[in-house]
Every structure is written in C-alpha cells, then in structure tokens.
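Undergrad: How does the following fold in three dimensions:
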Amino acid sequence: MNSDGHTTFVETWLMRIAPSFKQVGAGFLLFVLAFPLLFWNEQGTIQLARDFDRDHLDVETVEAGDWSAAQGHSLVYVTGQVTTNEELIDADFRIRSRAVKMRRIVECYQWKEITVAARDDQYGRKGKAGVRYAKVWSPNPIDSAKFQQSDVHVNPQMPLRSKDLVAKEVRLGAFKLNFEQVARIDEFVSLPVSADMVSWLPEDRRVGLEVRDNQLVFSQKSADAPQIGDTRVRYSAVRPQWVSVLASPTDESFQAFVAENGKEIDVLKLGVVPLSDMAEFPSAAGGVGVWILRVFGFASMALGLALVFQPIVSMTSLMPLLQDFLGRGLNAFAVCLAAAGSLMTISVAWMYYQPVFSLILSAVAAAIMFGFFILCRIGGRQPAAT
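TA: Reported below is the predicted structural model:
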C-alpha cells in the first residue's frame with residue numbers, strides 16, 4: 001500500500017510466464033491428435049485407391065471380337081467400332097439410315113414474347129417494364145395463350161414433333177452394348193435429305209414443301225419468307241464409330257463393375273482412348289476433402305508445437321528484443337517440424353501401398369529439417385554489427 005492509501009499491484013516475472021504453462025497441455029493435445037487424424041485420412045484415401053486403382057484391379061485388355069477372352073475377369077478394356085444391322089426409319093417421311101441413332105428435329109416458326117426491362121427516362125423517372133414480340137424458329141411449342149397480347153399474337157399447334165430413334169441392338173465386336181452405353185454415344189452428324197426421298201408423298205402432303213439445305217420446309221408462301229406456322233424438318237444420325245469401353249463383362253455384354261466401397265466403373269468414351277485416360281482413378285493426391293484434412297492436421301500440429309514452446313518465449317519477457325527474436329525462431333521451427341511430421345505420417349501410411357511415393361515424402365521431410373538447421377547455422381555465423 002502506498003502513501004495515498006492505494007494498493008500497488010506489481011506483476012512479477014513468474015506471474016507473466018504462468019499463463020503460458022497453461023497452454024502447454026492444449027498444445028500437446030493438438031500436436032498428438034494431429035498424427036492419428038492425418039493417418040486416418042490417408043488410410044481412407046488408400047482404401048479408395050485400392051478399390052479403383054487399375055494396377056490392383058483385374059483389368060484385361062481384350063479384342064472386340066474375342067468374347068471368350070473377357071470371361072473370368074472383373075474388368076475388361078475393349079476398343080473397336082460399334083455396328084448395327086438395323087435400319088432406322090422415320091415412318092412419317094420414310095427417311096431412313098443404317099445408324100446407331102437417328103434424330104428428327106422439327107421446328108415451327110412462332111411468336112415469342114420477350115420481357116423488356118424498365119428504363120428510367122431522361123428526367124430520372126422510373127419507367128415500366130414491357131414486352132415485345134419476335135418471330136423465331138423453335139423446336140418446342142410456345143403457348144401464346146399466356147401472352148399479354150394473346151389475341152394479336154397467336155401460335156398454331158405443332159402437328160409434328162421432334163423424336164429420336166435408337167437401334168435395338170448395337171454391338172462392339174462380339175459384345176452387345178447396354179442401354180446406358182448406347183446413350184453415351186451421342187456424336188450426331190447431319191443426314192442429307194433430297195427431293196427424291198419424299199417424292200412418294202401424296203399431293204396433299206406436298207403442298208408448300210421445298211427441300212432446302214438438307215431440310216424439308218413446309219411454308220405457306222416461300223421458304224425465303226417464313227410465316228407464323230411454317231415448319232421445317234431436318235435429320236441427324238449417329239453413325240458407326242470407334243469407341244473405348246471399360247466395364248465388367250457379362251454374357252456377351254457389359255455391366256457396371258461395383259467395387260467393395262460401392263463405387264461403380266462403367267465407362268464408354270468415343271474414339272480410341274488409352275486405358276490410363278478411361279477413368280479418373282484415385283491417386284495419392286486425393287480430392288478436396290482429403291486436402292482439407294491434410295491442411296487441418298498440419299495446422300493443428302504447428303499450432304500445438306507453438307503453444308508448447310510458448311513458456312520458453314515467455315521466460316524472456318524481461319528482454320523484449322530477445323523475446324521477439326526467440327518467438328519468431330521457435331514459430332518457424334514449429335512450422336518446419338509440423339511440416340516434416342505431417343509428411344512423415346503420410347509417408348508411413350502410404351509405405352506399403354506406394355513405397356516410392358512414401359520414400360519421396362520422407363526425403364522431403366528430411367530436407368525441410370536439414371534446410372532449417374542449415375539456415376540456423378548460417379544465421380548464427382553472421383558477424384555482430386559494430
């Protein structure tokens with residue numbers, strides 16, 4: 001108590017460093033828990049890779065015409081040209097093509113209502129939103145009954161609609177492609193259409209018909225001056241083409257391969273695609289979730305070490321310059337040690353599955369610590385300023 005009757009509080013050196021010792025327990029806990037977290041995270045990635053890695057799956061490359069060679073294997077990789085003996089026919093116009101798929105695209109010349117955004121006038125007064133109408137070729141019917149000016153802009157019904165025809169049997173050599181695989185073959189090319197192809201149409205169906213640019217155009221006046229209600233029809237097809245398949249063989253066909261974790265592999269890609277590019281096989285890199293846990297584990301380890309070192313820094317609280325220097329150095333050491341510890345934990349997890357990758361991580365971890373100590377030695381040899 002001083003002469004004024006007030007008590008003077010004097011913060012001692014021990015009182016300054018006492019809180020830092022309380023942080024050691026939390027830091028030690030963060031540091032220790034980071035190891036099982038990182039190891040568990042890598043084990044999940046390894047399990048996924050084991051289920052899907054082509055180096056561990058029974059993947060057999062077979063010729064498209066050799067069905068028997070695929071039997072007994074969980075996965076087969078096949079390339080070849082898809083074929084079909086079926087001729088697809090559009091019954092309405094008797095347009096035909098020997099193809100995997102044939103598509104009829106029907107468009108009708110219709111009114112379309114377009115909303116016009118409100119605009120302020122030159123005096124800053126808020127305008128009103130409105131609509132305008134445009135004539136467009138549309139493959140889908142536009143309901144003019146919902147127009148604001150439905151009595152003026154009227155769209156007729158579409159008598160014809162677009163449709164797709166698909167061959168019932170599509171083969172890849174000796175294998176029959178399943179429905180999902182055929183659906184993935186979607187490289188359409190335009191089909192040529194000539195007047196001779198529709199010359200059989202009766203007179204009443206050829207009224208206003210013109211053939212323009214491989215299209216059947218039904219116009220009220222002229223194909224060059226379309227009117228509301230005019231219709232045009234064109235065709236495209238998926239021709240026999242080369243594909244690559246990675247799937248599980250069945251009786252003369254394919255099905256999805258189901259891994260132990262429930263993931264499926266049933267891949268069809270257009271063209272001759274190398275096996276390495278057929279599927280995104282998991283690797284040591286992992287996905288976004290894996291990297292989030294890796295960063296979290298590293299940060300937990302670094303923060304834990306920084307808290308463990310905090311009492312050492314607090315002991316120099318009476319010498320601010322030394323405290324700042326020591327704090328920076330120990331924080332850097334904590335980061336380097338955490339990086340090395342994280343890499344070594346990941347290395348141990350991958351040691352059996354990918355030993356080369358594991359050795360690389362171990363070497364990087366050692367290089368980090370070696371580099372840190374070299375920098376410390378170089379810094380310690382710097383001559384003091386005079």
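
Undergrad: any low-confidence regions in the stretch 51-200 of the chain?
TA: 51-58, 118, 120-127 (pLDDT under 70).

Undergrad: try 50 this time
TA: Applying pLDDT under 50 to the stretch 51-200 of the chain flags the ranges 54-55.

Undergrad: What segments of it are helices?
TA: With helices called from DSSP state H, counting those that start in this stretch, the stretch 51-200 of the chain shows them at 179-184.

Undergrad: How about the stretch 251-386 of the chain?
TA: Assigned by DSSP H, counting those that start in this stretch, the helices in the stretch 251-386 of the chain fall at 288-308, 310-314, 320-350, 355-380.

Undergrad: got the contact list for the closest residue to residue 209 other than its chain neighbours?
TA: The shortest distance from residue 209 to any non-neighbouring residue, by Cβ to Cβ, 6 or more residues apart in numbering, is to residue 218 (5.6 Å). Backbone N, C-alpha and C define where each C-beta goes, glycine included. Residue 218 makes contacts with 207-209, 230-233, as judged by Cβ atoms under 8 Å, 6 or more residues apart in numbering.

Undergrad: To residue 60, which of the helices of the stretch 251-386 of the chain lies closest?
TA: Shortest distance between residue 60 and these, using Cβ to Cβ, is found for helix 355-380: 25.4 Å.

Undergrad: Which strands or helices does the closest one pack on?
TA: With contacts taken as 3 or more Cβ pairs under 8 Å, 6 or more residues apart in numbering; DSSP states H and E, helix 355-380 sits against helix 320-350.

Undergrad: Give me the mean pLDDT for the helix it packs on.
TA: Averaged across helix 320-350, the pLDDT comes to 80.

Undergrad: circling back to that earlier point, gap between the residue nearest to residue 209 and residue 108?
TA: 10 Å (Cβ to Cβ, to the nearest Å).

Undergrad: Common neighbours of these two, please.
TA: Common neighbours of residue 218 and residue 108, counting by Cβ under 8 Å, 6+ apart, are 230-231.

Undergrad: Run through the bridge partners of the residue nearest to residue 209.
TA: With DSSP bridges as the criterion, residue 218 is bridged to residue 209, residue 231.

Undergrad: Quick one, grab the pLDDT at it.
TA: 94.

Undergrad: swap in residue 19?
TA: At residue 19, the model reports a pLDDT of 62.

Undergrad: and what of residue 353?
TA: At residue 353, pLDDT is 75.

Undergrad: Ok, the one 10 residues further on next?
TA: Reading off the confidence values, residue 363 has pLDDT 91.

Undergrad: List the contacts of it.
TA: With Cβ under 8 Å, 6+ apart as the criterion, no residue contacts residue 363.

Undergrad: what helices or strands is the longest strand along the chain leaning on?
TA: Assignment by DSSP state E gives strand 101-116 as the longest strand of the chain. Here strand 101-116 touches strand 87-90, strand 130-138, strand 163-166, strand 231-238, going by 3+ Cβ pairs under 8 Å, 6+ apart.

Undergrad: how about it: buried residues?
TA: By neighbour count on 16 or more other Cβ atoms under 10 Å, the buried set for strand 101-116 is 101-113.

Undergrad: ditto for stretch 330-337
TA: 330-331, 333-337.

Undergrad: just the buried residues of strand 101-116 now: which is nearest residue 195?
TA: Checking the buried residues of strand 101-116 against residue 195 with Cβ to Cβ, the nearest one is residue 104 at 17.7 Å.

Undergrad: returning to that earlier point: including distance to residue 376, could the buried residues of strand 101-116 go into a markdown table?
TA: What follows is the buried residues of strand 101-116, written out as a markdown table (distance: Cβ to Cβ, whole Å):
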| residue | distance to residue 376 |
| --- | --- |
| 101 | 69 |
| 102 | 74 |
| 103 | 71 |
| 104 | 76 |
| 105 | 73 |
| 106 | 77 |
| 107 | 75 |
| 108 | 79 |
| 109 | 80 |
| 110 | 78 |
| 111 | 79 |
| 112 | 73 |
| 113 | 74 |
